[in-house]
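Participant: Provided below for reference: sequence and predicted model.
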Number of protein chains: 2
Amino acid sequence: MAQQEVDAGAAAKALKAFAAIVGAGNVFSSEEDKVAYSDHFAPDDMEEQHQPSGAVAPSTVEEIQAIVKIANEYKVPLWPISRGKNFGYGGAAPVLKGSIILDLSRMKKIEVDAASGTVLVEPGVSFFDLYDYLQQQNIPLWISVPGNSWGSVAGNALDRGVGYTPYGDHASRICGLEVVLPDGDLVRTGMGATAKGTTWQLYKPGFGPSWDTMFCQSNFGIVTKLGLWLMPEPESVLGFDIDVDKPEDLGWLIDTLGQLRREGILQQSPSIGNWLRAAATMTTREEWAKPGEVLDEKVIAAIRKKFNIGWWAVALRVYGPVEITEATLKVLERSFNGKPVLKMSPTRWVKGGAPEGSPATGVPVTYPLANANWFGGRGGHLGFSPVLPVSGDLALKYFRRNYDLHNEYGFDYHPSFAIQDRSMNNINQLLFDQDNPEMVAKLDTLFRTMVKEAAADGFAEYRTHIGYMDVVADTFDFNNHALGRLNRRVKDALDPNGILAPGKSGIWPSPKKGGAA
Amino acid sequence: MAQQEVDAGAAAKALKAFAAIVGAGNVFSSEEDKVAYSDHFAPDDMEEQHQPSGAVAPSTVEEIQAIVKIANEYKVPLWPISRGKNFGYGGAAPVLKGSIILDLSRMKKIEVDAASGTVLVEPGVSFFDLYDYLQQQNIPLWISVPGNSWGSVAGNALDRGVGYTPYGDHASRICGLEVVLPDGDLVRTGMGATAKGTTWQLYKPGFGPSWDTMFCQSNFGIVTKLGLWLMPEPESVLGFDIDVDKPEDLGWLIDTLGQLRREGILQQSPSIGNWLRAAATMTTREEWAKPGEVLDEKVIAAIRKKFNIGWWAVALRVYGPVEITEATLKVLERSFNGKPVLKMSPTRWVKGGAPEGSPATGVPVTYPLANANWFGGRGGHLGFSPVLPVSGDLALKYFRRNYDLHNEYGFDYHPSFAIQDRSMNNINQLLFDQDNPEMVAKLDTLFRTMVKEAAADGFAEYRTHIGYMDVVADTFDFNNHALGRLNRRVKDALDPNGILAPGKSGIWPSPKKGGAA
C-alpha cells in the first residue's frame, strides 16, 4: 500500500484557510472535535489510528470547490462524509489518520418529483428528514430505510447500504449524481449532463459511459446531489413473519427464498437473522451467562423461549394491489408446504388501515443499533460481510465454520443472510465491548481469519470497515490485482495530488514523483 | 472535436503484423472486405465517410492483447465489433474512417450457470446461438431478445439495446465483464476481480467503484466476456395485445402504462408503436401511394383496415405463477376500464402448452428488420431516440411536432414509445431509400433538426448512429461540457495513444503533444 502521512502543519494551514471560506464556526479542530469525528464503534487503538485532524462543514457546492482548491494547494487529504453515521464501517472517521473531514451534513436540500416518483437529495438529508418531508407534503411515495435511519440517504446509497422494501438495494436506485471532482470541476452524470437536465432523475445511463456506480464506495469525487427513485405507495403490503427452530433449517430456508427471489415472486431481499439478531436489541448478555462463557444450546433455548423467537427468523413482504399480493401470498404459502416451519404469522397492511409502522413499510428506525449494548461496556461492532452464492448447503458450511470460529475467539455469532436476485450478503456483526481488552485483542485476528478463509473459496466482502479496506482490496487479486491497477489509474487521472479520501476501498494515489514513497 | 486521420501506411503495416498473430486468413483488407465491414444501412456518402481500412478477427484474449500492442506501436485505431449487426446505428463501421475493425465474431463461448440463472458469453454469441444452446441443453432459462436477434448478446447489452421481457433492459442485467484495456492489461470487474471469482456473475457491484456501466457505449476497453442474468422460465405468460384507434389516444395510453410501470405491476417495458411499425414489415409503400405523396389519413385508414391494426398498438405481458399473472391481468383490465380501446385481445401461455413463439417469450426474431424495405430501393434506416419523461401530454406534443417534420421532409413517421420505470425511449426509425438522392439529402437536416429541438427542451438521445455521435455528445453541455471533460480524462489515462474506437459516443483522445492537432 502506498500509505502516506498527513503533514500536520499543512493541515493546520488548510483549516485556517477553510475558515475564510465557510466561517470559523464551521471549522472544527479542537481535541474534542477530533474525537467527535472519530470512529466510536472501534476499539481505542483503531479509533486513534484513524483520527482526523479536524473538520470543515461547507453548505454550498461553491464552498466545496473552494475547499478542494485549497486542499490541492496544501496537499492535504479530505475525507468526505454525508452525516458520518456509517457505524460498524468507520462512522465519520477517515482511513488515513490526520485527514480533514469534509462534513456535508449541513447540505439538506430535498427536491421531490411526485409524479415521476423520484427525489434529488443533498448529502445531509437523513432518512428521518426525507420521511418527514414526504409526510408533511402528503406525497404518496415511500422510502426504503436501513436499520440505522439516522444515516444519510445519499451516503447510504453510495456506500451500498440496503433496506427492507423492493427498493432496498439503494445503490441500484440511484439515478444521476452531481459531483465535485478532486480538481474542483463540477460534473453531473447521466441525463443531468445536459444543461437543462429534464430527465436527470428519470433515466440512469445517459449517453456514453455511465459514472454513477463509479462514485460508489470510491474516492473519485465528492457527491453533492444524488437522484434516487422512490416507491409509489402500494395499495397493500402482505406477508409472513417466519421462524424456524433448528440451526440446520437455514439450508432449506435459503434455497426456498432463493428460488422465489430469482423468479421475481419476492421483490424485496428478505434477510434471515439468527436468534441473537432479535435478542441483542432486547436484552444483554450478562442476564444470561458469565463473561467468557460460551452460550450453549441450553442458554440459547432459554433466551428464545423468553422472547418467543426462532433460531432463525425472516420477514417476507409483497407489495401492490390486493388481488396481486393475495395471490402472491398463496404462492409463498405453497412454497413452504411440508417444510418444518416453527411459526408463520401472516401480516397485512392495506391502504387506509393502521400502518404496520415497520421499516418494511418505509418507516425509519434506529432500534437495531441497540445490539451494540449486548456485551456491556462501551459497545461496538464490526461488520464482516462476504457475498455468497444463494445455496443452502454453502450457507450451512459457512454458518458452521464461522459459528465455531466465533466461539473459539469468544464472540457471539450474529449473522444475517440477505437473499438478493442472484447472491446473498452474509452480514456478520462482530459485537464487542471496547472496554474488554482481551476481546479487542482477538477481534482483529478473527476478522482477518474470516476474510482469508472466504477469499480461499473465491468470496469477497461487499463493504468493509476503514481499518480493513486494504485487507479486503487485497483479495481482489485476479491477474495480479488488475482491478487495483485500473482503480489507481483513474484515481491518478482525476486526483493528481491524491487529496480525496486516500485509502478509501483500498484505493491510494500513486506516490508523487520527487516526494516520499 | 479532436478529429484525426488514420495513417494508411501505418494501417497497412499493422494489418500485416496482425496476420502474424491470427493467420492471414483472419485479416481482411481487400476492397470487398472494406465494403463488407461498412454501414450498409447508411447513404453512400455516409457509408464512405466511415469505411474501415480493414479488419482482423482474433479468437482469443491473448491474440487481442497482441493486436492491441501492435496498434499502440503503429498508433492505428481499432474499432471493436461483436458481430457488427448494429443496424441503424452504424452496423460494423467505425466512427473514424480508416480504423481497423477488431472483429470478435469468432469468439463464441457460452457458459451457463443453470442453478443461478446466469450466463457468461463471449462477444460472438448471437441471440440465436444462446437460444439454441439453452434449448439443446434443455436449460429452463429464457433470454430477452431484441428485434434483430442476429446481433450479439454482449454487443447489444453494451450498446444498451432493449428487449421485450422483464429482462429487456439488457444493460441493467449485465453482471461482470472481462476487458482488455487499451494498453493490453486484462481486467475482470466486480467479483470477477478475485482470482477465483466464484460470485462473478452473481453480484454486480463488487467492492469499491464498479466499472460495468463505464464500458457501455464507451471506448475504454475491449469486452471479451460479459456476464448476464437470465430469466427462469415462468409458469405462465399472460397479457393483452391492445390497439387504439386515434393518434391522440397515445396520451392516455402512455399515462396508463406509465403508472403500471412505476408501480411495478408491469415488469416489462411495453413499446407502443404506430400503424407503420406494424405495416412496414408486411407491405411496401408503393402499394399505397405515389413516390413523394404524403400518406394522408385516408391511405392510413386503408392500410390499417387491410391489416386490421390500430393507429397505435402495444403488447402487455406479465410473467409468473398462474395465480399471480391472472390476478395481475385483472388489475391491468381494470386500469383500461372506460378507456377508448379499439381492441384488447388476451394472450395466454402456460408452461407445457404450445409456445407463444414470440419475442415476448424469449424467441429470437428478425422480422422487424423487414421495415427497411418500405420505400423500395436499397433500404436503410437511422434511429432518432430521445429519452423523455413518461407523460402523455408531452408525448402528444412530440408526436405532433415530429410527425409534421417527417411529412415536411418527405419521410413517413415510424415511432415507438417504450415505457420504462421512470422514462420513455421514443425510438423513431427514419426509413429511407438509399437510391433516392433527394430523400438522402434531406435525411441529415431532418435528423439534426430533431436533435436540436429535443435538446432545447432538455432531452437527449440514449443512443445514436456513428455519424451523429459528436452531434449528440455536444448536447451534453452542463457546465460547459463537464461530462465530456471527465470522459476524456479517463480516456487519456487508459488509452494514451488513443487507439481504441476514437470518436465512439463523442469521446476523442486528446491531441498528442508534438503531433497534429
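Facilitator: It's in.
Participant: state the distance from the residue in the stretch 401-517 of chain A positioned nearest to chain B to B:A17.
Facilitator: Residue of the stretch 401-517 of chain A nearest chain B, by Cβ to the nearest Cβ: A:G458 (2.8 Å). (Glycine included, C-beta is placed from N, CA and C.) From A:G458 across to B:A17, the span is 38 Å (Cβ to Cβ, to the nearest Å).
Participant: what of A:S218?
Facilitator: 38 Å.
Participant: neighbour count for those two, which is higher?
Facilitator: Comparing A:S218 with B:A17 by other Cβ atoms under 10 Å in any protein chain shown, the one with more neighbours is A:S218, at 22 against 19.
Participant: looks like that one contacts B:W211 (just checking).
Facilitator: No. Using Cβ atoms under 8 Å, A:S218 is not in contact with B:W211; the gap is 10.4 Å.
Participant: now the residue nearest to A:D474 when sequence neighbours are not counted. Its backbone dihedrals?
Facilitator: In this structure, A:D474 finds its nearest non-sequential neighbour in A:G506, 7.0 Å apart by Cβ to Cβ, 6 or more residues apart in numbering or on different chains. Dihedral pair for A:G506: phi 80, psi 10, per degrees, to the nearest 10.
Participant: who's in contact with A:G506?
Facilitator: A:G506 is in contact with A:1, A:469-470, A:472-474, A:484, A:487, B:207-208, counting by Cβ atoms under 8 Å, 6 or more residues apart in numbering or on different chains.
Participant: mind running it again at 10 Å?
Facilitator: By Cβ atoms under 10 Å, 6 or more residues apart in numbering or on different chains, the contact list for A:G506 reads A:1, A:95, A:464, A:468-476, A:481, A:483-484, A:487-488, B:207-208.
Participant: how about stretch A:184-195 and chain B, any contact?
Facilitator: Yes. Stretch A:184-195 is in contact with chain B by Cβ under 10 Å from any Cβ of the partner chain, via A:185-195.
Participant: pLDDT-wise, what's the bottom of these?
Facilitator: Of all the residues of stretch A:184-195 next to chain B, A:A195 carries the smallest pLDDT score, 94.
Participant: how deep is that residue tucked in, by neighbour count?
Facilitator: By other Cβ under 10 Å, 15 other residues sit near A:A195.
Participant: wait, it touches B:F478, no?
Facilitator: Yes. If you go by Cβ atoms under 10 Å, A:A195 and B:F478 touch, sitting 5.0 Å apart.
Participant: neighbour-wise, which one of the residues of stretch A:184-195 next to chain B leads?
Facilitator: A:T189 (31 neighbours).
Participant: OK, contacts around it?
Facilitator: Counted by Cβ under 10 Å, 6+ apart, A:T189 has contacts A:174-179, A:200, A:204-206, A:209-215, A:221, A:223, A:226-227, B:478, B:482-483, B:486.
Participant: and if we set it to 8 Å?
Facilitator: So A:T189 contacts A:176-179, A:206, A:210-212, A:215, B:483 (Cβ under 8 Å, 6+ apart).
Participant: looking at those residues, which are in helices?
Facilitator: B:L483 (DSSP state H).
Participant: which one among the contacts of A:T189 gets closest to B:N425?
Facilitator: The closest of the contacts of A:T189 to B:N425 turns out to be A:G206 (Cβ to Cβ; 12.8 Å).
Participant: nearest residue to that closest one other than its sequence neighbours?
Facilitator: In space, not counting the residues next to it along the chain, A:G206 is nearest to A:G190; the distance is 3.7 Å by Cβ to Cβ, 6+ apart.
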